[in-house]
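[1] A predicted structure for the sequence below; I have some questions about it.
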Amino acid sequence: WPLLTAQFSTVTPENCMKPAAVQPTEGAFNFATADAFVDFATRQKLKLVGHCLVWAKDDRTPAWFYRDGQQPASRELLLVRMRQYIETVVGRYRGRIATWDVVNEALDDGTNYLRPSGWEQVCGEEFIAKAFEYAHAADPAALLVYNDYNTELPAKRAKMIRLIRSLRAKNVPLHAIGLQGHYELDRVPLADLEATLLAMRELGVKVVVSELD
């Protein structure tokens with residue numbers, strides 16, 4: 001890790017803090033790898049970004065979240081499970097993880113506003129607001145991020161602006177936008193990126209480059 005500590009000041013886990021890794025089945029939390037990651041970063045004096053608390057994709061969310069026995073989970077049960085999960089995970093690392101990607105990739109790539117998912121189907125847009133509220137309650141000092149990709153593209157940028165305005169109107173503790181930078185070397189969309197950054201500045205929202213390759 002000499003290269004890591006010489007060239008970087010912040011680290012983000014790729015998979016070990018995602019819900020599928022941390023709580024693959026109801027009631028069974030697995031923090032072994034996440035704890036080791038946090039301990040390593042702490043020893044090396046690296047800041048930590050927790051990634052991610054809610055991933056709005058059904059193939060990335062443990063199926064039990066959405067089930068109540070043989071029936072689909074109700075809105076109330078789904079939100080209780082979300083709250084308990086966020087309280088447990090964020091609370092465990094309170095004061096040690098400076099930033100959380102609270103909701104990941106909830107905006108749709110097509111004509112819908114939000115990506116279809118069990119979260120969206122049962123709770124509508126409310127699941128996003130609740131995730132931020134629960135995370136803020138669990139660690140009021142943490143920087144809370146909405147993370148997504150392709151938000152520099154005009155159509156998805158418009159959806160992100162709509163989401164930010166909606167959350168702001170409800171006084172949801174959204175602190176920053178995570179800009180996922182997955183670019184082709186000879187096709188970096190500089191004009192679109194500039195337009196997104198200017199739109200975020202106009203809204204008064206911090207932007208972090210959450211992923212870059």
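    Perfect, thanks for sending it. Numbering: from 1, shown residues only.
[2] What residues sit buried inside the helix or strand hosting residue 178?
    Using DSSP states H and E, residue 178 sits within strand 176-181. By neighbour count with 16 or more other CB atoms under 10 Å, strand 176-181 contains the buried residues 176, 177, 178, 179, 180. C-beta here means a position set from N, CA and C on the backbone, and glycine is covered the same way.
[3] What strands flank that strand, and is each parallel or antiparallel?
    strand 143-149 (parallel), strand 206-212 (parallel) (DSSP bridges).
[4] was I right about residue 85 contacting residue 23?
    Yes - if you go by CB atoms under 8 Å, residue 85 and residue 23 touch, sitting 6.1 Å apart.
[5] Give me the three-state assignment for residue 102.
    strand (DSSP: H, G, I helix; E, B strand; the rest coil).
[6] give me every residue that touches it.
    Going by CB atoms under 8 Å, 6 or more residues apart in numbering, residue 102 touches 52, 53, 54, 131, 132, 135, 144, 145, 146.
[7] Run through the bridge partners of the last one.
    By that I understand residue 146. residue 103, residue 177.
[8] Report the spatially nearest residue to residue 88, omitting neighbours in sequence.
    Of all residues not flanking residue 88 in the chain, residue 29 sits nearest, at 6.5 Å (CB to CB, 6 or more residues apart in numbering).
[9] Just the pLDDT for the one you found.
    Listed pLDDT for residue 29 reads 97.
[10] Just the CA atoms of the strand holding residue 178, as CSV, please.
    In CSV, the C-alpha atoms belonging to strand 176-181 read as follows (Å, rounded to 0.1, in the frame of the first residue of the first chain):
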residue,chain,number,x,y,z
ALA,A,176,-23.6,16.5,-2.0
ILE,A,177,-23.9,14.8,-5.4
GLY,A,178,-21.6,12.0,-6.3
LEU,A,179,-20.5,12.3,-9.9
GLN,A,180,-19.5,9.0,-11.3
GLY,A,181,-16.9,9.6,-13.9
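[11] following that strand, which helix or strand shows up next?
    Downstream of strand 176-181 (by DSSP H and E), the next one is helix 190-203.
[12] Output that next one in PDB, but only the C-alpha positions, please.
    Extracted as PDB, the C-alpha positions of helix 190-203 are listed here (Å, rounded to 0.1, in the frame of the first residue of the first chain):
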ATOM      1  CA  LEU A 190     -16.400  18.300 -21.100                       C
ATOM      2  CA  ALA A 191     -19.200  20.600 -22.100                       C
ATOM      3  CA  ASP A 192     -21.800  18.500 -20.500                       C
ATOM      4  CA  LEU A 193     -19.700  18.100 -17.300                       C
ATOM      5  CA  GLU A 194     -19.400  21.900 -17.200                       C
ATOM      6  CA  ALA A 195     -23.100  22.300 -17.600                       C
ATOM      7  CA  THR A 196     -23.800  19.900 -14.700                       C
ATOM      8  CA  LEU A 197     -21.200  21.600 -12.400                       C
ATOM      9  CA  LEU A 198     -22.700  25.000 -13.200                       C
ATOM     10  CA  ALA A 199     -26.200  23.700 -12.500                       C
ATOM     11  CA  MET A 200     -25.100  22.200  -9.100                       C
ATOM     12  CA  ARG A 201     -23.400  25.500  -8.200                       C
ATOM     13  CA  GLU A 202     -26.600  27.300  -9.000                       C
ATOM     14  CA  LEU A 203     -28.500  24.900  -6.700                       C
END
